[in-house]
Each structure stands twice: as C-alpha cells, then as structure tokens.
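Here is the input, now give the coordinates:
(4 chains)
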Number of protein chains: 2
Amino acid sequence: MPTTLTPMIQSCILHFGEMGSRWGINRTVGQMYALLVLSKEPLCADDMTEALGISRSNVSMGLKELMSWDLVKLQHRPGERKEFYSAPGDVWDIAKTLIEQRRKREIDPTLSTLRNLLIETPANPDEEYAQQRMREMHELIEMLTLWTQEIQRLDSAQLGTLLKLGNSIGKVLDMKDRLLGSKK
Amino acid sequence: MPTTLTPMIQSCILHFGEMGSRWGINRTVGQMYALLVLSKEPLCADDMTEALGISRSNVSMGLKELMSWDLVKLQHRPGERKEFYSAPGDVWDIAKTLIEQRRKREIDPTLSTLRNLLIETPANPDEEYAQQRMREMHELIEMLTLWTQEIQRLDSAQLGTLLKLGNSIGKVLDMKDRLLGSKK
DNA sequence: CTGTAATTTCAGTAATTACTGAAATTACAG
DNA sequence: CTGTAATTTCAGTAATTACTGAAATTACAG
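Residues are numbered from 1 along each chain as shown, chains lettered A, B, ... in the order given. Reported below is the predicted structural model:
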C-alpha cells in the first residue's frame, strides 16, 4: 500500500473510475474498488483516503456502497480497532457477484413490472400492441437471465477450461442445433 | 400515438426511464426509447414532446443520442418535411445492438487499457501483483465477450428454439465438459 | 467502565448533468 | 430560388449527484 501510487497502477485505477461513472457507480467508488483489487494486502480506509486523495468521509460512504454490493471482505486485525478491506482473490468471483447484484437490482424489478402490466386486459389496440412488445421483452430477458445463471454456476476452473477451448462455443451451439434438428 | 398515454403504457415508460438512469442513459432518453418500442407506428419528435411532456429540444438531443447508439430507424413520408422514428420490430435485434454498442464503448477500451499496462515491465512486487490481477481481468473479460459474441450470431428464431429448450443449457455445458474430459 | 481511536452521519457546498427557450440552421414544397 | 416548417445548437438555469469537514456515534484496548 504505497503512499503514492505508481503510474501504472494509477492509470488502471483512473480507467476503472471512468468506467464506473458510465455505469451507475460513481467515479470514486470505482477507483476505490480498482485499488482494492490491485492490492495484495487488505487496505484500511486511511490507506484509500491517501492513495486516492479523497476525503475520509467519502471513503466511508464508498465502502458502505461496496459492502452493500457484497464486493468487499472486511477483516479485523487482533488488537486493533481499525478495519481492513479486500476484494475477492478470484476475478471470476467478483464478476459473478456483479452479475448477481445487477440482476437483483435491475432485472428482477423489470421482470416484475412487466409481469404486472401483462396481467391487465388491454383497453384498446395500442395497449394490445404494447403488451405484445412487453411480452417479447419479458421472454427475452428471462431467457438471457437463465442463461447467465447457468454460466454463473461454473467455478473458475471450469471457466478456465472453456477459455482454453477458445471460441468453439459456436461449435457446441451448432451441435445443440443438430440435437434439436427436428424443431427446425 | 395518443396525446395522453394510457396508465399501462405510462407505467412501462416510467419504469424504463428509471432503469435507464441507473445506467449511463438519462431518464428522458430511456423514456423516449420505451415510447418508441411500445408504439406500433413511427413517431415524430412532436409526438414524443407531447407524450412525455418534455421540451422539443430535449427530444432532439435524445433522438441524436439514440441515433448514435443505432437504436432507432428514421423514416420520411413522401411530401412531408417531418421525420419519423421507430425502434426495430424485433426485441432481440434491439438487445443485440445494445450489447454490441456497450462492447464498443466500454469493453473494448478497457481491454485495450489493460493490454497497454500489461506490456510494461513491473517495477516492483506491488506492480507485479497488480499486473497479475490485470491479466486475469483481461482474460476473463475477453472470454465473456467472446461468449456473448457467439450468442449474438444467433437470429431470433434460433434463440426461440433455445428458449423452448429451457435451462438444459446446463446439460449442454455438462456434455461439453465430458467432451473435454481429458483436460480435467 | 473510561478514554480514545476509529467509523459514520449529515448539512452545506461544489461539480456535474439534464433540460429549456430562443436563435440559428437546414431541408424541402412550391 | 423563396418561404416556411421543421430540426439543431447552445447559453443559461434547474436539478441532481458527489464530496467535504465537523459533529456524533461506535467499538474496543486498557
């Protein structure tokens, strides 16, 4: 945990800060997380304050947010009040958590909203058409979600095997197509 | 294109506006797109101004943004200056465009940033560790991207077949595992 | 239980982003 | 080519979000 970050680490942190701000996450939270991911040792709030040049209270709020996303682990050291934070050691675990949390916060409410609107009886042709669109969206989202859930089941070792396999995923899909040939 | 939207359509538009604002998209752009998706007929800018109760200039900027994402089609009517806009008729096309665009805007720059940082020679153990993390991230992101690209190749009919198939995707993955048995 | 080192909260402010209305530009019917 | 109906641009302002520093709270070493 260097007082001043090296340019290399700095650039990476800045990039993820920038990226974070394009998502719902604000810049400093993105930076904080990048910092944690890139650090071998757990960091305390003051380390982050110093490394990123932001206020202590901002770090506290950011940490709270990261905790609510379940993206950081909290560690205590015996005989010290201070709390230390770290990111999971496996990037695939991080990604799985991110996917999972976004599903909970964005996909699930959307599906539920759509379902509620689909129950209603259309009052006119416009509503009928709109409902049809909603039905298609609902179906698609549900399917894609299901898909990612399957992938999330894999552990990083299995994922690694698939990676080595390269893009023959296409072949597997083809194979599946052949299995379902009759349908086509 | 009703002057006043029905409650059902209204709720859906509001929901997607809200969701949009959690992503990079601002609320009104999200609403505009929901409105377009739910309308059978193409709409002109004034229709949207009226339906959403926002200023004409705001609609113009939103439309510009949606065009830059390649999410809307522009239509002219013979003998009229006015321009009409519509969303693709197939929700899977919409999703594919979204995925594609996000990849271009977020994933590709991230991969390139990571690659650049990975070229550098680590100056100390901290950098060495950080680079290792970056390498893992790069690998993971690249793989997931590849995966989604494979899926994007499918047309909506093929996707439909998979949908009917339910979650036996797991089975296919298992099957693949067996095919690669030796690796394990 | 007490003192203190740490964290959290929160009101105030800074920074950013969204939106509007007026002016400028564009596109085309005639 | 001209007039006008449309779109776009843009400076100004409103609304939102991010951040800070001081005060309050919490947790624990002693």
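
ok, and for the helix or strand hosting residue A:116, which residues are buried?
Under the criterion DSSP states H and E, the helix or strand holding residue A:116 is helix A:108-119. By neighbour count on 16 or more other C-beta atoms under 10 Å in any protein chain shown, the buried set for helix A:108-119 is A:110-111, A:113-114, A:117. Using the backbone N, CA and C atoms, a C-beta is placed for each residue, glycine as well.

Using TSV, lay out the residues you listed together with distance to residue A:159 and pLDDT.
As requested, these are exported to TSV (distance: C-beta to C-beta, whole Å; pLDDT from 0 to 100):
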residue	distance to residue A:159	pLDDT
A:110	27	97
A:111	26	97
A:113	32	97
A:114	31	98
A:117	37	98
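
If we only consider those, which is nearest to chain B?
Nearest to chain B among the buried residues of helix A:108-119: residue A:113, at 4.7 Å, using C-beta to the nearest C-beta.

So the residue lying closest to the closest one once chain neighbours are set aside: helix, strand or coil?
Closest residue to residue A:113 apart from its sequence neighbours, by C-beta to C-beta, 6 or more residues apart in numbering or on different chains: residue B:15 at 4.7 Å. Look at residue B:15: counting by DSSP: H, G, I helix; E, B strand; the rest coil, its state is helix.

Is it correct that residue B:15 is in contact with residue A:110?
Yes. Shown here, residue B:15 and residue A:110 form a contact pair, counting by C-beta atoms under 8 Å, at 6.9 Å.

what comes into contact with stretch A:100-118?
With C-beta atoms under 8 Å, 6 or more residues apart in numbering or on different chains as the test, stretch A:100-118 has contacts from A:69-71, A:131, A:134-135, A:137-138, A:141-142, A:145, A:148, A:152, B:8, B:11-12, B:15, B:19, B:22.

Can you select the buried ones among those for me in PyMOL?
Remark: buried members of the contacts of stretch A:100-118, expressed as a PyMOL selection using 16+ other C-beta under 10 Å:
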select buried, (chain A and resi 69+71+131+134+137+138+141+148) or (chain B and resi 8+12+15+19)
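
tell me the residue furthest from the middle of chain A?
residue A:124 (39.8 Å; C-alpha atoms, centre = their mean).

residue contacts, it?
Counting by C-beta under 8 Å, 6+ apart, residue A:124 has contacts residue B:6.

List phi and psi for it.
The phi/psi pair for residue A:124 (degrees, to the nearest 10) reads phi -160, psi 170.

Distance-wise, check it relative to residue B:8.
Residue A:124 sits 10 Å away from residue B:8, going by C-beta to C-beta, to the nearest Å.

what about the longest helix along chain A and chain B, any contact?
Determined from DSSP state H, the single longest helix within chain A is helix A:125-153. Yes. Using C-beta under 8 Å from any C-beta of the partner chain, helix A:125-153 comes into contact with chain B via A:126-127, A:129-131, A:133-134, A:136-137, A:139-140, A:143-144, A:146-147, A:149-151, A:153.

how about low-confidence regions in chain A?
Across chain A, the ranges flagged by pLDDT under 70 are A:1-3, A:162-184.
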